[in-house]
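1. quick one, what's the 3D model for this:
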Amino acid sequence: FGLSKRRVTLSTSGVVPALDKLGDMIDVALAISLHAPNDTIRDEIVPINRKYNIETFLSAVRRYLEKSNANQGRVTVEYVMLDHINDSTDDAHQLAEVLKDTPCKINLIPWNPFPGAPYGR
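-> Numbering: from 1, shown residues only. Purely as a prediction, here's the structure:
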């Protein structure tokens, strides 16, 4: 396609076996859809978490980063902020704690509400 791998980012919500396999095959930047600081919240809003919990997912992310030279050895953490779900000060402290061993930058994304949406902004 004529794209430099430096311009490609792989985004995942946490299919751990695929992430482990891709880490052996490609060397591109990684973004993860985390959206919660703990398994209780993430189980509700990111269903794959019921199969691969946060610690299992982040362990796979760290393994990927060990193999990759992309994005200065860090992952971008995508975190959509949902009113009264995952946006408290306590949630922020939990997020910092859960990510302390994972080189990352965090992208806080405001929820974009729509009519009938189950969440607020």
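
2. K21 is in what secondary structure piece?
-> Assigned by DSSP states H and E, K21 belongs to helix 16-25.

3. what packs against that helix?
-> strand 9-12, helix 54-67 (3 or more Cβ pairs under 8 Å, 6 or more residues apart in numbering; DSSP states H and E). For every residue, glycine as well, the C-beta is placed using N, CA and C.

4. which of the helices or strands spans the most centrally placed residue in the chain?
-> Central residue of the chain (Cα atoms, centre = their mean): I32, 2.6 Å from the mean position. Using DSSP H and E, I32 sits within strand 29-33.

5. gap between the helix or strand just after that strand and the chain center?
-> Using DSSP H and E, the helix or strand that follows strand 29-33 in sequence is helix 39-45. Centroid separation for helix 39-45 versus its chain: 13 Å, with Cα atoms, centre = their mean, to the nearest Å.

6. can I get the CA coordinates of the helix or strand of the chain with the lowest mean pLDDT in PDB?
-> Within the chain, confidence by mean pLDDT, DSSP states H and E is lowest for helix 16-25 among all helices and strands, at a mean of 91. C-alpha atoms of helix 16-25 as PDB (Å, rounded to 0.1, in the frame of the first residue of the first chain):
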ATOM      1  CA  VAL A  16      -5.100 -11.400  23.800                       C
ATOM      2  CA  PRO A  17      -4.200 -14.400  21.600                       C
ATOM      3  CA  ALA A  18      -4.400 -12.200  18.400                       C
ATOM      4  CA  LEU A  19      -2.300  -9.500  20.100                       C
ATOM      5  CA  ASP A  20       0.400 -12.000  21.000                       C
ATOM      6  CA  LYS A  21       0.400 -13.400  17.500                       C
ATOM      7  CA  LEU A  22       0.500 -10.000  15.900                       C
ATOM      8  CA  GLY A  23       3.400  -9.000  18.100                       C
ATOM      9  CA  ASP A  24       5.500 -11.700  16.300                       C
ATOM     10  CA  MET A  25       4.400 -10.600  12.900                       C
END
